[in-house]
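Trainee: quick one, what's the 3D model for this:
(one chain, ligands or ions: 1)
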Amino acid sequence: MGEKLKFGVLVSGNGSNLQAIIDAIEAGRLAATVGCVISNKADAYALQRAKQHGIPAIHLDHRLYASREAYDEALVETLHEFGAGLVVLAGFMRIITPLLLDAFPQAIINVHPALLPAFPGLHAQRQALDYGVKITGCTVHFVDAGTDTGPIIIQAPVPVLPGDTEETLSARIQTEEHRIYPEAIRLFAEGKLQVEGRKVTVR
Ligand code: GRF
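Mentor: Numbers count the residues shown, from 1 in each chain. Okay, the predicted model is just below:
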């Protein structure tokens, strides 16, 4: 066995996905280490969650940087400092630039609350309800220069039920996110993901 993967998690809010990842590690279902959690928001609850588990919790305020590139440079520096070999976006509400993408080629992943390529961008659950689909879900994918366009790693379907609101649907989708995100990180950590063009195969 090689050395265990260390990864950085970028957050802006609640951090329920971060929690699911930490839980998977502590339960022995994921042999990897969270090297650091970085938030652009000082009051992100995700930072509290990190601290409670003894994980370095860092606030990098985007407003203190002159450009998106300058901010991403600070992100890269911090991620390198903590030895990250993978960047996990978990509710990180910032657009990332090629500077970050190029520093972690095919090593940045995201979870999106829809079955991509349906409903990319913001308010995916609202989009699904407005469209009237009967099934939506969530997707873990590699991040590329587009918005939610990168190669798909794992998806899980979730039914849209009569009377669903954005809140009830989001909660049902999140349950599946919490299952597939740690699983995707495990596949990455074990070197099982092979990317060819837009296709990801699990070896
Ligand atoms: C998730 O629902 C994810 O789909 C989206 O942001 C949300 C983050 O939630 N990208 P949390 O902070 O992990 O609770």
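Trainee: which positions within stretch 176-186 qualify as buried?
Mentor: 176, 177, 178, 180, 181, 182, 183, 184, 185, 186 (16 or more other C-beta atoms under 10 Å). Backbone N, C-alpha and C define where each C-beta goes, glycine included.
Trainee: mind listing residues that contact it?
Mentor: For stretch 176-186, the surrounding residues in contact (C-beta atoms under 8 Å, 6 or more residues apart in numbering) are 7, 16-17, 19-21, 23-25, 29-32, 86, 88, 90, 109, 111, 113, 137-138, 140, 153-156, 158.
Trainee: quick one on the thing from earlier: among the buried residues of stretch 176-186, which ones are in helices?
Mentor: Residues of the buried residues of stretch 176-186 located in helices (DSSP state H): 176, 177, 178, 180, 181, 182, 183, 184, 185, 186.
Trainee: and the pLDDT at the third one?
Mentor: Right, residue 178. The confidence metric pLDDT takes the value 98 at residue 178.
Trainee: if I look at it, how far off is residue 99?
Mentor: 30 Å (C-beta to C-beta, to the nearest Å).
Trainee: again with the fourth one
Mentor: When C-beta to C-beta is the yardstick, residue 180 and residue 99 sit 28 Å from each other.
Trainee: which element, helix or strand, includes residue 169?
Mentor: helix 166-189 (DSSP states H and E).
Trainee: tell me how this protein divides into domains.
Mentor: 1-105, 110-203 (automatic domain parsing).
Trainee: and of the ones you listed, who's closest to the ligand?
Mentor: domain 1-105 (2.8 Å; C-beta to the nearest ligand atom).
Trainee: quick one: buried residues of stretch 22-40?
Mentor: 22, 24-25, 30, 32-40.
Trainee: so which of those residues are in helices?
Mentor: 22, 24, 25.
Trainee: may I ask you to confirm that the first one is in contact with residue 34?
Mentor: I take that to be residue 22. Yes - under the criterion of C-beta atoms under 8 Å, residue 22 makes contact with residue 34 at 6.6 Å.
Trainee: shared neighbours of these two, which are they?
Mentor: By C-beta under 8 Å, 6+ apart, the residues touching both residue 22 and residue 34 are 53, 55.
Trainee: quick revisit: any chance of TSV for the domains of the chain, columns distance to the ligand?
Mentor: Below are those laid out as TSV (distance: least, C-beta to the nearest ligand atom, whole Å):
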stretch	distance to the ligand
domain 1-105	3
domain 110-203	4
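Trainee: average pLDDT for stretch 83-90, rounded please.
Mentor: Here the average pLDDT along stretch 83-90 is 98.
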